[in-house]
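>>> what's the 3D shape of this:
(chains A and B)
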There are 2 protein chains.
Amino acid sequence: MYVVILAGGSGTRFWPLSRTKSPKQLMSVFGGSSMLQRTVERVLPLAPKRIIVVTNIQQQEETARQIAALGDMPVEIIAEPVGRNTAPAIALAAAVIFANDPQGTMLVLPADHYIRNEELFCLTAQAAAEAAAGGALVTLGIEPNRPETGYGYIEAEGAEAGAPMTVKRFVEKPDLARAMEFLTAGNFFWNSGMFIWRVDAIRRELSLQMPELFAAIESIGFGSGWDMRELAPRVERVYPSIRGESIDYGVMERAERVLVIPASFGWSDVGSWSALPEVIEPVSDGNVAISVREIVCLDSRNNLVYGGDKVAALIGVEGLVVVDTDDAVMVCRQDRAQDVKRVVELLQEKGMAEYL
Amino acid sequence: MYVVILAGGSGTRFWPLSRTKSPKQLMSVFGGSSMLQRTVERVLPLAPKRIIVVTNIQQQEETARQIAALGDMPVEIIAEPVGRNTAPAIALAAAVIFANDPQGTMLVLPADHYIRNEELFCLTAQAAAEAAAGGALVTLGIEPNRPETGYGYIEAEGAEAGAPMTVKRFVEKPDLARAMEFLTAGNFFWNSGMFIWRVDAIRRELSLQMPELFAAIESIGFGSGWDMRELAPRVERVYPSIRGESIDYGVMERAERVLVIPASFGWSDVGSWSALPEVIEPVSDGNVAISVREIVCLDSRNNLVYGGDKVAALIGVEGLVVVDTDDAVMVCRQDRAQDVKRVVELLQEKGMAEYL
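Sure thing, here's the model as predicted:
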């Protein structure tokens, strides 16, 4: 098995911790290892032949530094000169794998997701790999435990418990009423953005559904005697003219043999600060503390503090996100965590580039 | 005129900015100069012959550093080996002044008060000095502009507008109903803890009202050939056995000739973080920013941010105190600012001495 980790994101919703040069996947969101490092470590029990991390040139250096910090790993880094969403990144990685191992199977994982039960994750990935052996495109569908309106859904049908199900359709983020229906129905899953397939299978679908992209990637030239060290300049020539597209929209929604493996290992895409209390054990009264030397809470509930390794004190406050970094401090109501990106925009307007 | 600045306080209500070695008066509460430095600078237009800063040995070094940073000033520092409240500090300073100038007049000021109109403050102090020329003990009484329950009051009587009034009695912090009465009555003033008197007058009253204290201070020995450099070891011998007492309770409440000068220069004892919004101009929507590089407020009102020279961002929050220092971050509801000292107690219980 090959693992492809998509690590090129550049979100602003974890400001002030996340910055242009240090987006969510490179951050120590939970304290300790970065999300990328955790993602690499998580797949090691699957004994992958190679792990390919697709990032961009801005983050390449820090990505390489973090991978090196993990010790001797079978990791290769591919840096995109410009971001073009997930389909080109996946097509490029599939071509690289295919050049050396046309029979290979690839597991695609975002670098910035949280997974609670890592053992169950590996078992699920192995089941998905088996399901993909026949040539289907397989996606991991998270069994919903609440009527979440922040995720896309996958409607599935058929099959006995535990077996792969057939994907009927992909559904955009629903409103609350529909999310409740999905939850009750039992055959809807959160679209996790984690996929597994044979490289020949995804390449066949890419050639059918996204022929322009497929041709552009092929033009890079992965013929005999091809060398990984020649990749960067070739990618730089081809990439700018490629059209950005997600693998969901570009391939999955229109492909014929798509299966979903129900997954229940505990998952979050960690879309903003307010997602962290769902996935981190509170210290007391729902107060979650990350990277604090010590936290003192007086009559305070359901707060999230990222403390920059300081002492943190909360007095009489509720439902806040408090983030303290070397050069910025932010206090945000948890239900306003989506507006963090507006702060980044405002700082940009003020020309305060060093804080972006 | 001599100025005596009482700078020995060790409050915890401005944690995490205030620490044992850096209490409120030594802090840059408003950004820039410390409160002590501001107090020294404020009295310079009065052309004092000498300024005596009474501090304690723990804070002596930082006090000296801050005074030196002001340049060439007629300042002397006296360090108490132990804190004994205001009466002993005032008695000691009065003895030091009396030894060289028995006709001197001394103005006593706390080091940690805020005064808005500094010119009016100096005019008021001069008027108070004139009122004290006849031997009365004169206190500055702040004209109340709200039914404040956090201050002690002075009830006064008599006199035409602008003239010194006779103090009828000192009143402890009232409840709201009484504070409203005081406000309406018009002859009640906030007890500011600022005094002016001839040194012989306060010494006479000390000898009558606090004979033990007076004798103890006299035993230090301020005879002919007395030298300021000999003071420290002598004070160290005498001070520990002195009983702590405030000048209000020990002298003022029982003295016979006590006058009050109504003062309207804008004053606050800056008793906690929540006092600062009263005395600092907000940047927007009641948000007060101290020591921030830049502040971004989205739908946020009536907050106070002490930002450690960082960028600060507030999103959807109201009525908070946010304080960020090198080793601590605190978020506190403004109406709970009195509980900051409980955090300090809790950190003490946890043995985290470096944060106290």
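>>> the lowest-mean-pLDDT helix or strand in chain A: how far from the chain's middle?
None of the helices or strands of chain A scores lower by mean pLDDT, DSSP states H and E than helix A:276-279, at a mean of 90. Remark: helix A:276-279 is offset 16 Å from the chain centroid, using CA atoms, centre = their mean, to the nearest Å.
>>> tell me the buried residues in that helix?
A:276-277, A:279 (16 or more other CB atoms under 10 Å in any protein chain shown). The way it works is simple: take the backbone N, C-alpha and C, and place the C-beta from them, glycine included.
>>> do the helix or strand just after that helix and chain B meet at all?
Reading on from helix A:276-279 to the C-terminus, the next helix or strand found by DSSP states H and E is strand A:288-298. Yes. Applying CB under 8 Å from any CB of the partner chain, one finds strand A:288-298 in contact with chain B at A:293-294, A:296, A:298.
>>> run through the neighbouring helices and strands of strand A:288-298.
helix A:276-279, strand A:304-315, helix B:340-349 (3 or more CB pairs under 8 Å, 6 or more residues apart in numbering or on different chains; DSSP states H and E).
>>> which strands border it, and is each parallel or antiparallel?
Looking at strand A:288-298 with DSSP bridges, its partner strands are strand A:304-315 (parallel).
>>> I'd say A:G83 and A:G8 touch.
Yes. The pair A:G83 / A:G8 is scored as a contact, 5.6 Å apart, by CB atoms under 8 Å.
>>> which residues sit against stretch A:321-328?
With contacts defined as CB atoms under 8 Å, 6 or more residues apart in numbering or on different chains, stretch A:321-328 is touched by A:15-17, A:273-274, A:303-308, A:310, A:312, A:314, A:329-334, A:337, A:354-355, B:293, B:310-313, B:322, B:324, B:329, B:331.
>>> residue contacts, A:L347?
Going by CB under 8 Å, 6+ apart, A:L347 touches A:355-356, B:294, B:296, B:311.
>>> just the pLDDT at the spatially most central residue of chain A, thanks.
For chain A, the residue sitting closest to the mean C-alpha position, by CA atoms, centre = their mean, is A:P110 at 2.5 Å. A:P110 carries a pLDDT value of 97.
>>> try the one 10 residues further on
With respect to pLDDT, A:L120 has a value of 97.
>>> can you check A:R19 too?
You'll see A:R19 listed with a pLDDT of 88.
>>> on that earlier part again, out of the residues of strand A:288-298 next to chain B, who has the most neighbours?
A:V296 (22 neighbours; other CB atoms under 10 Å in any protein chain shown).
>>> for that one, list each beta-bridge partner.
Beta-bridge partners for A:V296, by DSSP bridges, are A:A313.
>>> OK, contacts around it?
Counting by CB under 8 Å, 6+ apart, A:V296 has contacts A:311-314, B:343, B:346-347.
>>> how about 7 Å then?
Counting by CB atoms under 7 Å, 6 or more residues apart in numbering or on different chains, A:V296 makes contact with A:313, B:343, B:346-347.
>>> those, buried ones only, as a PyMOL selection?
Selecting the buried subset of the contacts of A:V296 in PyMOL, with 16+ other CB under 10 Å as the burial test, is done by:
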select buried, (chain A and resi 313) or (chain B and resi 343+347)
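>>> which one of the contacts of A:V296 is nearest A:T105?
Relative to A:T105, the closest of these is A:A313; by CB to CB it sits at 50.9 Å.
>>> could you check how far the closest one is from A:E41?
In this structure, A:A313 and A:E41 are 33 Å apart, going by CB to CB, to the nearest Å.
>>> same question for A:N187.
A:N187 is 33 Å from A:E41, by CB to CB.
>>> show me which of these two is the more surrounded one.
Taking other CB under 10 Å, A:N187 and A:E41 do not tie; A:N187 has more neighbours (17 against 13).
>>> what pLDDT does that one get?
A:N187 carries a pLDDT score of 94 in this model.
>>> wait, what's in contact with the closest residue to it other than its chain neighbours?
Spatial nearest neighbour of A:N187, excluding adjacent residues (CB to CB, 6 or more residues apart in numbering or on different chains): A:A156 at 5.2 Å. By CB under 7 Å, 6+ apart, the contact list for A:A156 reads A:141, A:165-168, A:187, A:189, A:260.
>>> which PyMOL command selects the buried ones in those?
Command for PyMOL that selects the buried part of these, burial taken from 16+ other CB under 10 Å:
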select buried, chain A and resi 141+165+167+187+189+260
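>>> ok, the contacts of A:A156 vs chain B, which is closest?
Checking the contacts of A:A156 against chain B by CB to the nearest CB gives A:F189 as the nearest, at 32.2 Å.
>>> secondary structure element holding the closest one?
With DSSP H and E as the criterion, A:F189 is inside strand A:188-198.
>>> picking that back up, just the buried ones from the contacts of stretch A:321-328, in ChimeraX syntax?
This is how ChimeraX selects the buried members of those, with burial counted by 16+ other CB under 10 Å:
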select /A:15,16,17,273,274,303,304,305,306,307,308,310,312,314,329,330,331,332,333,334,337,355 /B:293,310,311,312,313,322,324,329,331
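>>> show me which residues of chain A sit near chain B.
A:294, A:296, A:298, A:307, A:310-317, A:320, A:322, A:324, A:327-333, A:336, A:339-340, A:342-343, A:346-347, A:350, A:352, A:355 (CB under 7 Å from any CB of the partner chain).
>>> one more time with 6 Å
For chain A, the residues found near chain B under the criterion CB under 6 Å from any CB of the partner chain are A:296, A:298, A:310-317, A:322, A:324, A:327-333, A:336, A:339, A:343, A:346, A:355.
>>> can you get me the start-to-end distance on stretch A:46-62?
25 Å (CA to CA, to the nearest Å).
>>> chain A: helices as residue ranges?
For chain A, applying DSSP state H gives helices covering A:35-43, A:57-69, A:86-100, A:118-132, A:176-185, A:199-209, A:211-219, A:231-238, A:247, A:276-279, A:340-349.
>>> of those helices, flag the one that's most buried.
Greatest average neighbour count among the helices of chain A goes to helix A:247 (a mean of 27), per mean count of other CB atoms under 10 Å in any protein chain shown.
>>> just the CA trace of the least confident helix or strand of chain A, in CSV.
Extracted in CSV, the C-alpha atoms of helix A:276-279 (Å, rounded to 0.1, in the frame of the first residue of the first chain):
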residue,chain,number,x,y,z
LEU,A,276,-11.3,21.2,19.2
PRO,A,277,-13.5,20.8,22.3
GLU,A,278,-15.2,17.9,20.5
VAL,A,279,-12.0,16.0,20.2
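>>> and the gap between A:V199 and chain B?
44 Å (CB to the nearest CB, to the nearest Å).
>>> now do the same contact list for that residue.
A:V199 is in contact with A:94, A:97-98, A:104, A:106, counting by CB atoms under 6 Å, 6 or more residues apart in numbering or on different chains.
>>> once you drop chain neighbours, what's closest to A:V311?
Nearest one to A:V311, counting by CB to CB, 6+ apart, is B:A328 at 4.4 Å.
>>> tell me the pLDDT at that neighbour?
Turning to B:A328, the model gives it a pLDDT of 97.
>>> and for it, the neighbour number?
For B:A328, the count of nearby residues is 27 (other CB under 10 Å).
>>> before we move on, what about A:G135?
There are 12 residues near A:G135, going by other CB under 10 Å.
>>> look up phi and psi at it.
Here is the backbone geometry of A:G135 (degrees, to the nearest 10): phi 110, psi 0.
>>> any idea how far it is from chain B?
As judged by CB to the nearest CB, A:G135 and chain B stand 48 Å apart.
>>> tell me the contacts of that residue?
A:A201.
>>> any idea of the pLDDT on it?
Note on A:G135: pLDDT of 96.
>>> next one: A:A161
A:A161 is assigned 65 on the pLDDT scale.
>>> show me what contacts A:Q334?
Contacts for A:Q334 (CB under 6 Å, 6+ apart) come out as A:274, A:319, A:321.
>>> report the contact partners of the first one.
Residues near A:S274 by CB under 6 Å, 6+ apart: A:334, A:337.
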